[in-house]
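*Asks:* based on what follows, work out the 3D shape:
(chains A and B)
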Number of protein chains: 2
Amino acid sequence: MANDEVILLDFWPSMFGMRLRIALAEKEVKYEYKEEDLRNKSPLLLQMNPIHKKIPVLIHNGKPICESLIGVEYIDEVWKDKSPLLPSDPYERAQARFWGDYIDKKLYVSSRKIWGTKGEEQEAGKKDFIEVLKVLEGELGEKPYFGGDNFGFVDIALIGFYSWFYAYETYGNFSTEAECPKFVAWAKRCMQRDSVAKSLPDQHKVFEFIQMLRQKFGIE
Amino acid sequence: MANDEVILLDFWPSMFGMRLRIALAEKEVKYEYKEEDLRNKSPLLLQMNPIHKKIPVLIHNGKPICESLIGVEYIDEVWKDKSPLLPSDPYERAQARFWGDYIDKKLYVSSRKIWGTKGEEQEAGKKDFIEVLKVLEGELGEKPYFGGDNFGFVDIALIGFYSWFYAYETYGNFSTEAECPKFVAWAKRCMQRDSVAKSLPDQHKVFEFIQMLRQKFGIE
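*Replies:* Numbering: from 1, shown residues only, chains lettered A, B, ... in the order given. Next up, the predicted model:
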């Protein structure tokens, strides 16, 4: 795979893009990072993801892979000699996919309401968000990672959200540490990994970005 | 796998349940079908899918697999000696997963509006629905199946919806044959397979079921 050309079309605050950055880092795959301007999408993005027109897109030797968890699974299948991300047992694989899907279906929607809405809708979003975190904490249990002793697929699916937590806590006026201490301990454990630390932006930089979005959307 | 105990918790009009019925039939896996009453869910369903509390659930030797496409992939991984459903090439696998995900994200939501709403919302749903079908027709191209020469994962993800088409066409007042003739030809090709024919209910029976739902929801 030495002559592979790998390109990532991404946008720095995207927790979905972070998944691919982390997976590529875990596999030690070199790639070209291309930042997209989402108000003025590049012809390459529109050509590579004509269906959804969204980042992230992984481009491997000219061929696009869209949807971040599908991309993580692809990376795991292609660069399989290092850091397995999905378990080898079919049942455990199905469980990992289930939790990845759960995060996609439940966490983003509720998190979006915390910083993107006001009043009752915001309160409902915050309540849902903390509930989802508690469900995830239950699944984590006493394990160091969702993948057990090894950092894996579900950890990758979830950890990018952590870079938004300062913003969630500030706008939602709650403490994750108080509500979900095990989640925070897990996130800090993940942040000690090089692959994660270098793929996630600073929480305060994300906060400033969201502040700008809120002003633009008239929420401030 | 001769002594495997396989149970499917399902509800007959569910296009998601149909996916598992078809996959199990393709693999010639014997299983016990348990019909759920969704107004009065069984303790087994609540125990096996405590997160979403939804059918279908595949139970293999006492362990649950939830979310229908995850179940299809599990079936393909466990019973791998017969009728491969996903391609073996990682890129093609990623593409199959992409289209399965597209169907889940786009087709159900728009189809639901055709029979479950009225007026402008219904019209918008119908427009979206036909657009999604046209995108899928584009992906099918001149191939006999989405899986190429072989019936596979994307075909299984999509064909269950066909049992609802008489209802969609009746309530939406359109002809799929006129709008998307290649889709209809593909669906008829799939229906010639035993695994599909025996897994899909009659379109008129589904129509009667939807009529009952519309009356219940006060749409009639």
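*Asks:* for the helix of greatest length in chain A, which outside residues touch it?
*Replies:* The helix that spans the most residues within chain A, counting by DSSP state H, is helix A:119-140. Residues outside helix A:119-140 that contact it (C-beta atoms under 8 Å, 6 or more residues apart in numbering or on different chains): A:99, A:102-103, A:106-107, A:109-114, A:117, A:146, A:158, A:168, A:171-172, A:174, A:176, A:179-180, A:182-183, A:186, B:51. Where C-beta positions appear, they are placed from N, C-alpha and C, glycine not excepted.
*Asks:* just the buried members of those?
*Replies:* Buried members of the contacts of helix A:119-140, counted by 16 or more other C-beta atoms under 10 Å in any protein chain shown: A:99, A:102-103, A:106-107, A:110-111, A:113-114, A:117, A:146, A:158, A:168, A:171-172, A:174, A:176, A:179-180, A:183, A:186.
*Asks:* now the helix or strand just after the longest helix of chain A, how far from the chain's geometric center?
*Replies:* Following helix A:119-140 in sequence order, the next helix or strand is helix A:153-159 (DSSP states H and E). For helix A:153-159, the separation from the chain centroid amounts to 7 Å (computed by C-alpha atoms, centre = their mean, to the nearest Å).
*Asks:* which strands and helices lie in contact with helix A:153-159?
*Replies:* Judged by 3 or more C-beta pairs under 8 Å, 6 or more residues apart in numbering or on different chains; DSSP states H and E, helix A:153-159 is in contact with helix A:15-26, helix A:68-78, helix A:90-102, helix A:181-191.
*Asks:* how about JSON lines for those helices, with mean pLDDT added?
*Replies:* Below are the helices and strands packed on helix A:153-159 laid out as JSON lines (pLDDT from 0 to 100):
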{"stretch": "helix A:15-26", "mean pLDDT": "98"}
{"stretch": "helix A:68-78", "mean pLDDT": "98"}
{"stretch": "helix A:90-102", "mean pLDDT": "98"}
{"stretch": "helix A:181-191", "mean pLDDT": "98"}
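*Asks:* out of those helices, nearest to B:Asp194?
*Replies:* helix A:90-102 (25.4 Å; C-beta to C-beta).
*Asks:* what distance separates that closest one from the centre of its chain?
*Replies:* With C-alpha atoms, centre = their mean, you get 16 Å for helix A:90-102.
*Asks:* next, the angle from that helix to helix A:68-78.
*Replies:* Orientation of helix A:90-102 against helix A:68-78 (axes from the mean of the first three to the mean of the last three C-alpha atoms, to 10 degrees) gives an angle of 150 degrees.
*Asks:* any residue of helix A:90-102 touching chain B?
*Replies:* Yes - against chain B, helix A:90-102 shows contacts by C-beta under 8 Å from any C-beta of the partner chain at A:90-91, A:93-94, A:97-98, A:101-102.
*Asks:* quick check: the farthest pair among these?
*Replies:* A:Pro90 and A:Tyr102, at 18.7 Å, using C-beta to C-beta across the residues of helix A:90-102 next to chain B.
*Asks:* what residues sit buried inside the longest helix of chain A?
*Replies:* Buried-residue list, helix A:119-140, by 16+ other C-beta under 10 Å: A:122, A:125-126, A:128-130, A:132-133, A:135-137, A:140.
*Asks:* how big is the angle separating it from helix A:90-102?
*Replies:* Using the same axes, to 10 degrees, helix A:119-140 lies at 170 degrees relative to helix A:90-102.
*Asks:* low-confidence ranges in chain A?
*Replies:* Chain A contains residues with pLDDT under 70 at A:1-2.
*Asks:* show me which residues of it sit near chain B.
*Replies:* Residues of chain A lying close to chain B by C-beta under 8 Å from any C-beta are A:51, A:60, A:63, A:65-67, A:70-71, A:73-74, A:77-78, A:90-91, A:93-94, A:97-98, A:101-102, A:135.
*Asks:* list only buried entries from these.
*Replies:* Buried members of those, scored by 16+ other C-beta under 10 Å, are A:60, A:65-67, A:70-71, A:73-74, A:78, A:90-91, A:93-94, A:97-98, A:101-102, A:135.
*Asks:* tell me the secondary structure at A:Leu9.
*Replies:* With DSSP: H, G, I helix; E, B strand; the rest coil as the basis, A:Leu9 sits in strand.
*Asks:* so what's it up against?
*Replies:* A:34, A:36, A:42, A:44-45, A:48-49, A:55-57, A:59 are the contacts of A:Leu9 under C-beta under 8 Å, 6+ apart.
*Asks:* try it again with 10 Å
*Replies:* Neighbour list for A:Leu9: A:17, A:20, A:32-36, A:41-42, A:44-45, A:48-49, A:54-59, A:64, A:66 [criterion: C-beta atoms under 10 Å, 6 or more residues apart in numbering or on different chains].
*Asks:* what bridges to it?
*Replies:* A:Lys34, A:Val57 (DSSP bridges).
*Asks:* measure it to chain B for me?
*Replies:* Separation of A:Leu9 from chain B (C-beta to the nearest C-beta, to the nearest Å): 15 Å.
*Asks:* can I get the helices and strands packed on helix A:153-159 in CSV including distance to B:Lys82?
*Replies:* Converted to CSV, the helices and strands packed on helix A:153-159 look like this (distance: least, C-beta to C-beta, whole Å):
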stretch, distance to B:Lys82
helix A:15-26, 32
helix A:68-78, 22
helix A:90-102, 15
helix A:181-191, 40
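*Asks:* among these, which comes closest to B:Met212?
*Replies:* Per C-beta to C-beta, nearest to B:Met212 of the helices and strands packed on helix A:153-159: helix A:90-102, 30.6 Å.
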